[in-house]
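K.L.:
Make a model of this:
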Amino acid sequence: MTSQTTFMPQRPTRIPVDISVHITSVLDSGEAVLRDMTEYGALIEGLSLPKGMQFQIEYNGQTVFGFVVWSEYDRFGARFPFTLCEGPLHDRLQQARVEHGLHGAAGHHMFMGAKRPVANFGRRGLN
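P.N.:
Predicted structure coming up:
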């Protein structure tokens with residue numbers, strides 16, 4: 001009998017933040033607050049967009065693209081199709097990581113530079 005080991009990568013540690021941003025999508029536009037985040041996504045409060053919706057976050061001259069992976073009343077979970085690795089939002093994430101004593105925490109460096117494939121993101125839409 002052969003035994004198979006399934007590799008399940010550890011999720012990056014979500015960092016609590018309180019960052020006011022502007023969200024724009026084809027359905028809505030408005031102010032919202034990032035409540036926690038990683039280089040790969042965020043919890044966003046203050047707006048509700050449907051699952052699968054593409055949107056952009058604007059913060060201090062930086063634009064970050066994302067799509068909704070789950071949605072509830074007045075908040076949603078977002079995934080970034082491109083790893084957040086520079087700019088004002090990344091700087092705020094690093095600052096929050098240090099403030100919460102999570103600088104270099106397990107799960108952080110493991111994902112640096114890793115690329116997460118996003119199926120059919122862009123002009124083809126999401127499945």
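
K.L.:
so what's the residue most central in space within the chain up against?
P.N.:
By Cα atoms, centre = their mean, the chain has its centre lying nearest to G41, at 1.0 Å. Contact partners of G41, counting by Cβ atoms under 8 Å, 6 or more residues apart in numbering, are 66, 69, 77-80. Where C-beta positions appear, they are placed from N, C-alpha and C, glycine not excepted.

K.L.:
Check A96 too.
P.N.:
15-17.

K.L.:
buried ones in the helix or strand of the chain with the lowest mean pLDDT?
P.N.:
Confidence across the helices and strands of the chain bottoms out at helix 88-99, with a mean of 94, counting by mean pLDDT, DSSP states H and E. By 16 or more other Cβ atoms under 10 Å, the buried positions in helix 88-99 come out as 89-90, 92-93, 96-97.

K.L.:
Output the residues you listed in a markdown table, with distance to V33 appended to each entry.
P.N.:
Formatted as a markdown table, the entries for those read as follows, by distance: Cβ to Cβ, whole Å:
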| residue | distance to V33 |
| --- | --- |
| L89 | 13 |
| H90 | 18 |
| R92 | 12 |
| L93 | 14 |
| A96 | 13 |
| R97 | 18 |
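
K.L.:
and the two most separated of the contacts of G41?
P.N.:
G77 and F80 (11.4 Å; Cβ to Cβ).

K.L.:
residue ranges with poor pLDDT in the chain?
P.N.:
1-9, 103-127 (pLDDT under 70).

K.L.:
Please, where are all the strands along it?
P.N.:
Remark: strands assigned in the chain by DSSP state E are 15-24, 29-37, 41-45, 54-59, 62-72, 75-79.

K.L.:
Quick one: closest of the ones you listed to C85.
P.N.:
strand 62-72 (10.9 Å).

K.L.:
Mind listing the strands that closest one pairs with, and their directions?
P.N.:
According to DSSP bridges, strand 62-72 forms sheet pairs with strand 54-59 (antiparallel), strand 75-79 (antiparallel).
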